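Peer 1: what follows is a predicted protein model with its sequence.
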Amino acid sequence: MSANPYYEGLKEGKIVAHKCLDCGKVSLKSTVCPFCGSRNLEKVEVKGIGKVISYTRIYVPPEHFEDKAPYYVVLVELNNGLRILGQFEGESISVGDEVIFKSAVETPIGVAPVFVKK
Amino acid sequence: MKKVFVAGIGITKFGKHPDKTFRDLAVEAAMKAIGDANISPRDIEELYVGNFAQGMFEGQTHLAPTIYGDLGIRSNIKGVRLENACASSGFALYEAYRAVKAGYADVVLVLGVEKMTAQKTPVVTKILATAGDAIYELPTGITFPGYFALMATAYFQKYGGSREDLAEIAIKNHYHASNNPYAQYPKKITIEDYFKAPMIAEPLGLYDCSPISDGAAAAVLISEDYAKKSSKDGFVEIIGGGASVTNLALSERAEDITFLEPVAVSSEKAFKEAKIDKDDVDVIEVHDCFTIAEALHLESLGFYKRGEGIKAAANGETYYDGKLPVNTDGGLKAKGHPVGATGVGMAVEIVKQLRGEAYNQVEGAEIGLMSNMGGSGASNVVLIFRRV
């Protein structure tokens, strides 16, 4: 697992992203904007509040996640438009629910954000 | 540009092959295709091997020389292994087509192969997941069924539809497979079977998912000049192709995750090159790695309006005797999905249909299309075939 600003930020309770000064979109990439190809990016700290675009509950997990199943994975769109995949902690979830970034989970293959209902 | 023909096809049974290495499977499929084309291995001028992860599954990479030696080709040819996740051999076929079309070679062998069942399910699940974004997505514990579950949930929310509709796609593909002895699961299933099966990634259950499989498929492509010298006839021409890739992470794709942009783009390119309309197509093979993916393909390819593809199987329209036969060999769902073999496996079925040799023969089929997708839809290739 290699270090990167996204993982370091998550571990400090922050979502570190980059805003493209040309197309205005926000992504997790720090060198080139994945939406327009611009290299004119500015580091931003994103407020971890957004809504659920979609979700699933994983019953058959990959290696390293066997003892966690079943668990939720959510695709969240944060209020500034950044989309991010994370885990969800809670009893139930629906598309459109408001969620908030709670903490980071460190796994043998990297770091991921954990969301809870707002 | 030259005309390109499929002169020979070969396929192994898809399923569990504990007694065979991936090399045995590759040789079996390749020798069938070489025999069907009525050529000798020494006639091959270029070799394209499509494979996803044999390095991880069985510790073997550098597959072009591996296969070259096993086939006894023994001439100074170009050979390469291509990887685009589940679309590896579809892309290999596309590159082979372009090589012949451009005049670089007159006889090319394309091979797709994967042996997956020697590993336990969590390890296979982990290896498959590497086709997703390892930095930004995999640490969440997402799996491949999970990616398509996200799409299914978003689809139900946007357009309606339900697990009952997905069940009908699985039932249709199992029905087709029940007549195909090369399929991994040549048996019919019922709606009760579907709902009794365990959940994999909500809302997708066991019968929404293609299985873990071993298998190989091969095709020999030749130029028009070479075809004229051949004693064989009954060729199938490849009349158009198109390919497209987009961002790897689902979170960096098109805003609507129920739309497979690379499928739409590669389809548009292929139809433009083939100079035909969608109405001209008699039979198609689409990448139903999960039931929902078949519905998304039908819509993204442009055969169905958005929100309507999910009802196609339930309405009987995609059975082999329906108005748009889809996955007449059983699809990935029931034929099996040895990842690297899947693309050429689709081509094998289309060629059989156009030659009139299919197990679920579409009457009078003249034009067929295949659409082979990589990963959660970040890459796709479409090829269109015509009976000569």
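Peer 2: Looks like it came in fine.
Peer 1: the spatially most central residue of chain A is in what secondary structure piece?
Peer 2: Compute the mean C-alpha point of chain A, and by Cα atoms, centre = their mean the closest residue is residue A:84, 3.4 Å away. Using DSSP states H and E, residue A:84 sits within strand A:83-88.
Peer 1: determine the set of other helices and strands touching that strand.
Peer 2: strand A:49-58, strand A:71-78, strand A:98-107, strand A:110-117 (3 or more Cβ pairs under 8 Å, 6 or more residues apart in numbering or on different chains; DSSP states H and E). Bear in mind the C-beta positions are built from the backbone N, C-alpha and C, glycine included.
Peer 1: up against chain A, what does the stretch 251-388 of chain B have?
Peer 2: Contacts of the stretch 251-388 of chain B with chain A, taken as Cβ under 8 Å from any Cβ of the partner chain, map to B:251-252, B:257.
Peer 1: may I see the helices and strands packed on strand A:83-88 organised as a markdown table, with mean pLDDT added?
Peer 2: Shown next, in a markdown table, are the helices and strands packed on strand A:83-88 (pLDDT from 0 to 100):
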| stretch | mean pLDDT |
| --- | --- |
| strand A:49-58 | 97 |
| strand A:71-78 | 98 |
| strand A:98-107 | 96 |
| strand A:110-117 | 97 |
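Peer 1: mind putting those into CSV with mean neighbour count and distance to chain B?
Peer 2: Converted to CSV, the helices and strands packed on strand A:83-88 look like this (neighbours: other Cβ atoms under 10 Å in any protein chain shown; distance: least, Cβ to the nearest Cβ, whole Å):
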stretch, mean neighbour count, distance to chain B
strand A:49-58, 23, 4
strand A:71-78, 23, 5
strand A:98-107, 18, 5
strand A:110-117, 20, 3
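Peer 1: which one of these lies closest to residue B:161?
Peer 2: When those are compared by Cβ to Cβ, strand A:49-58 sits nearest residue B:161, at 14.1 Å.
Peer 1: export the closest one to CSV, keeping only CA atoms.
Peer 2: C-alpha atoms of strand A:49-58 as CSV (Å, rounded to 0.1, in the frame of the first residue of the first chain):
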residue,chain,number,x,y,z
ILE,A,49,-21.5,16.0,3.6
GLY,A,50,-23.4,14.7,0.7
LYS,A,51,-26.1,12.4,-0.6
VAL,A,52,-26.2,8.7,-1.6
ILE,A,53,-26.2,8.2,-5.4
SER,A,54,-26.3,4.4,-5.0
TYR,A,55,-25.5,1.7,-2.5
THR,A,56,-25.0,-2.0,-2.2
ARG,A,57,-24.6,-4.5,0.6
ILE,A,58,-21.8,-7.0,0.0
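Peer 1: partners of it in the sheet?
Peer 2: Here strand A:49-58 is paired, per DSSP bridges, with strand A:71-78 (antiparallel), strand A:98-107 (antiparallel), strand B:199-202 (antiparallel).
Peer 1: tally of neighbours for residue 12?
Peer 2: You didn't pick a chain, so chain A it is. By other Cβ atoms under 10 Å in any protein chain shown, 9 other residues sit near residue A:12.
Peer 1: that answer is for a different chain, and I need it for chain B
Peer 2: There are 24 residues near residue B:12, going by other Cβ under 10 Å.
Peer 1: for it, what are its contacts?
Peer 2: Contacts here follow Cβ atoms under 8 Å, 6 or more residues apart in numbering or on different chains; on that basis residue B:12 touches B:25, B:28-29, B:182, B:215-217.
Peer 1: surely residue B:297 touches residue B:259?
Peer 2: No. Between residue B:297 and residue B:259 there is no contact under Cβ atoms under 8 Å: 11.0 Å.
Peer 1: and the two? which has more neighbours close in?
Peer 2: Higher neighbour count among residue B:297 and residue B:259: residue B:297, with 29 against 17, using other Cβ under 10 Å.
Peer 1: gap between that one and residue B:162?
Peer 2: Residue B:297 sits 19 Å away from residue B:162, going by Cβ to Cβ, to the nearest Å.
Peer 1: coming back round to it: now render the strands paired with strand A:49-58 as TSV, adding distance to residue B:362.
Peer 2: Output for these, formatted as TSV (distance: least, Cβ to Cβ, whole Å):
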stretch	distance to residue B:362
strand A:71-78	38
strand A:98-107	48
strand B:199-202	31
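Peer 1: among these, which is nearest residue B:52?
Peer 2: Across those, residue B:52 has its closest neighbour in strand B:199-202 (19.8 Å, Cβ to Cβ).
Peer 1: skipping its backbone neighbours, what lies nearest the residue nearest to the centre of chain A in space?
Peer 2: Among residues not flanking residue A:84 along the chain, residue A:76 sits closest, at 5.4 Å (Cβ to Cβ, 6 or more residues apart in numbering or on different chains).
Peer 1: tell me, how many residues neighbour residue B:51?
Peer 2: Neighbours of residue B:51 (other Cβ under 10 Å): 31.
Peer 1: contacting residues for it?
Peer 2: B:63, B:81-83, B:88-89, B:112-114, B:340 are the contacts of residue B:51 under Cβ under 8 Å, 6+ apart.
Peer 1: run the last query once more with 6 Å
Peer 2: By Cβ atoms under 6 Å, 6 or more residues apart in numbering or on different chains, residue B:51 lies in contact with B:63, B:81, B:88, B:113, B:340.
Peer 1: next one: residue B:285
Peer 2: By Cβ under 6 Å, 6+ apart, the contact list for residue B:285 reads B:327, B:346, B:349-350, B:370.
Peer 1: could you redo the last one with a cut-off of 8 Å?
Peer 2: Applying Cβ under 8 Å, 6+ apart to residue B:285 gives the contacts B:326-329, B:331, B:346-347, B:349-350, B:368-371.
Peer 1: okay, and which of those map to helices?
Peer 2: Among the contacts of residue B:285, the ones falling in helices (DSSP state H) are B:331, B:346-347, B:349-350.
Peer 1: nearest to chain A among the residues you listed?
Peer 2: Nearest to chain A, judged by Cβ to the nearest Cβ, of the ones in helices among the contacts of residue B:285 is residue B:331 at 20.5 Å.
Peer 1: assess the claim that that closest one and residue B:175 are in contact.
Peer 2: No. Counting by Cβ under 8 Å, residue B:175 is not a contact partner of residue B:331; they are 10.6 Å apart.
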